[in-house]
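Visitor: predicted model follows, preceded by the sequence.
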There are 2 protein chains.
Amino acid sequence: MLLAQVEGFLEVARRGNVSRAAEAMFVTQPTLTARLHALERELGEPLFARTRRGMKLTDAGRAFLPYAERAMRAVRDGRQALADARSASAGRLVLGAAPAVSTYVLPALLQRFAGAYPRVEVAVRTGHSEDVLQMLLREEVQLAMVRALRHPDIESIPLYEEALVLVVPPGHSFAERSKVGIADVASERLIFFDRTSSYYELTQAFFLSLGVTPREVMELDNIESAKKMVQRRLGIALLPRTAVAGELAAKTLTQVSVTDAPAVSQKIVVIRRRDQGRPSGTVAAFLNLLRDSDPAAVA
Amino acid sequence: MLLAQVEGFLEVARRGNVSRAAEAMFVTQPTLTARLHALERELGEPLFARTRRGMKLTDAGRAFLPYAERAMRAVRDGRQALADARSASAGRLVLGAAPAVSTYVLPALLQRFAGAYPRVEVAVRTGHSEDVLQMLLREEVQLAMVRALRHPDIESIPLYEEALVLVVPPGHSFAERSKVGIADVASERLIFFDRTSSYYELTQAFFLSLGVTPREVMELDNIESAKKMVQRRLGIALLPRTAVAGELAAKTLTQVSVTDAPAVSQKIVVIRRRDQGRPSGTVAAFLNLLRDSDPAAVA
DNA sequence: ACGCGGCCATAGAAAACGCCTATAGCTAAG
DNA sequence: CTTAGCTATAGGCGTTTTCTATGGCCGCGT
């Protein structure tokens, strides 16, 4: 059964006239006649009674009518749903994000996204990069923004380089000095956060590579607390730039560059399952938004 | 868009595998692949992501899925509705009937019909033959059982000959006489019913044609009352045979033949609009039942 | 009365389409 | 390194669909 036949049936049923219906459907009248005949043959029942002044539904036709309408409506709605999905004018987007991304970068991005696609439902799931990767592999999220990591089933798009910066409380002795060396840092009390996070390892590796054993004085499980500790002068910390941008601007924390140490940073990427084909709909829309903005800057 | 494509989409979505789905649909794998491609091309969006181990729905495919299911279900249900209508195993039948038919003939017929087609909804509208004809022309009823009348837009099928019989109360002098002539009848008090009914004209014409002026003593608007009047010995009446069959059998009324007068009767037919094509479904079922039974006898 | 116009059905030819078999291309697993 | 299991592609064939042109029917208006 062709949908064109069903559509022709409906059109003729509405107009009671094959010729007009054919015209409206941009086919010739014999074509439409043939479609109707084919449909009637397939259904084994005349759908129309042919009269002098046109086509009139038979009882069978009347019985079939609502189903034909339902079928056409379903197809029409399906097309619309696809169009919506394509333009991302509606749909659902499930993101995963590492905590630092989720807290300091995502809000501004999602604000822009929600403004552009108000009818899209957005969900965010947070976790350490490795956990978020698992969510992606289990298809619990469609995209994830995490630190760069590799896995055969995923592809990554670089987002930004997240620098770890040394922050000290305002008025700290480092703040006035023109030169702060790694040795100076090692003599300070250090505040770390979240031993289970990749930041911890990264920071540790940083000091160890320089032959410095950091004096760990405190370990917190979230960045926000770490910032508070620094502000209370309990130590200094190496924190993601995006996480302290606000405090630096408000001058409630001060950034210090270490002259004799390389910049430490980690790459933040957005990852996606390879087996999902080309990104489409809300996913594509979000990726475009990422491409068009500097995620580290919008925050 | 071909329904076969939608069906293929659903089958592949379910199985995640073109080859198996093709097998299940009794087509070759390339055929099904082509259908999917055509559908994706028409919708302008890949519905599946091709992976090493088969076909996986894309987000777009997932969005389209429920609509595809809905469309297929609508078509399937439509077919079923037609099949039901054809076998008259379900549906609706709206009948019109003249009062005498409705009261004395239809009940037995409908009892049989309802037994054969228990899921068919039956509605009966009653009125004088001319009114019922109008209902039919306005398509308020699908069939009507009335006295024979003609109209260019209807076709009639003869049902039975309804004889008008002279009935007298038990013990009436006529009941014992071997011969009752029209002159005898004229001397009796006569009971008529319903001046607006065709029976009235018919009965009047009968007497007039014989040069007899009936002594009308009473006119009622329904047959049932007329029978009661005769039983109470208020007169004698010429009534439809089908309407008095019960009383004759129970001997609460007695039939008398008039020797010197022709039998008077009228044809009862079932009528139908000409422009409705071949009867189908419940209508055909009822017509078959009429053809297979003697309506005057079943009562 | 008679032609005209509007209706659906039919005929025949050209084009398009769908289906098949066979095969290629790819990847994962043995 | 082959094999097995996917889907995609190619080419040929048969059917279907579509078109134009025409037929037949009936009602309407001149």
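Guide: All right, it came through fine. Numbering: from 1, shown residues only, chains lettered A, B, ... in the order given.
Visitor: what parts of the stretch 51-200 of chain A come near chain B?
Guide: Listed as neighbours of chain B in the stretch 51-200 of chain A under the rule C-beta under 8 Å from any C-beta of the partner chain: A:51, A:56, A:58-60, A:63-64, A:66-68, A:70-71, A:74-75, A:77-79, A:81-82, A:84-86, A:91, A:142. For the C-beta atoms, the positions are set from N, CA and C on the backbone; glycine is no exception.
Visitor: filter the residues you listed to the buried ones?
Guide: Using 16 or more other C-beta atoms under 10 Å in any protein chain shown as the burial test, those include A:56, A:58-60, A:63-64, A:67-68, A:70-71, A:74-75, A:78-79, A:81-82, A:84-86, A:91, A:142 as buried.
Visitor: quick one, grab the pLDDT at A:Leu3.
Guide: As predicted, A:Leu3 sits at a pLDDT of 89.
Visitor: just give the closest residue to the residue in the stretch 1-150 of chain A that DNA strand D sits nearest to, not the sequence neighbours.
Guide: Proximity of the stretch 1-150 of chain A to DNA strand D (C-beta to the nearest atom of the strand) peaks at A:Thr31, 3.1 Å away. Nearest non-adjacent residue to A:Thr31, counting by C-beta to C-beta, 6 or more residues apart in numbering or on different chains: A:Ala22, 6.7 Å away.
Visitor: for that neighbour, pull up the helix or strand it's in.
Guide: Counting by DSSP states H and E, the element that carries A:Ala22 is helix A:18-24.
Visitor: thinking again about what came up before, quick one: list the elements packing against the helix or strand where the residue of the stretch 1-150 of chain A closest to DNA strand D lies.
Guide: Assigned by DSSP H and E, A:Thr31 falls within helix A:29-43. If contacts are counted by 3 or more C-beta pairs under 8 Å, 6 or more residues apart in numbering or on different chains; DSSP states H and E, helix A:29-43 sits against helix A:3-15, helix A:18-24.
Visitor: which residues of the stretch 1-150 of chain A lie near DNA strand D?
Guide: Applying C-beta under 7 Å from any atom of the strand, we find that the stretch 1-150 of chain A lies next to DNA strand D at A:2, A:4, A:27-31, A:34-35, A:38, A:52.
Visitor: 6 Å instead, please
Guide: Within the stretch 1-150 of chain A, the positions near DNA strand D by C-beta under 6 Å from any atom of the strand are A:2, A:4, A:27-28, A:30-31, A:34-35, A:38, A:52.
Visitor: next, format those as JSON lines and append distance to A:Lys267 and neighbour count.
Guide: Formatted as JSON lines, those follow (distance: C-beta to C-beta, whole Å; neighbours: other C-beta atoms under 10 Å in any protein chain shown):
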{"residue": "A:Leu2", "distance to A:Lys267": "53", "neighbour count": "15"}
{"residue": "A:Ala4", "distance to A:Lys267": "53", "neighbour count": "18"}
{"residue": "A:Val27", "distance to A:Lys267": "58", "neighbour count": "15"}
{"residue": "A:Thr28", "distance to A:Lys267": "62", "neighbour count": "12"}
{"residue": "A:Pro30", "distance to A:Lys267": "66", "neighbour count": "10"}
{"residue": "A:Thr31", "distance to A:Lys267": "60", "neighbour count": "15"}
{"residue": "A:Ala34", "distance to A:Lys267": "63", "neighbour count": "14"}
{"residue": "A:Arg35", "distance to A:Lys267": "59", "neighbour count": "23"}
{"residue": "A:Ala38", "distance to A:Lys267": "61", "neighbour count": "15"}
{"residue": "A:Arg52", "distance to A:Lys267": "78", "neighbour count": "5"}
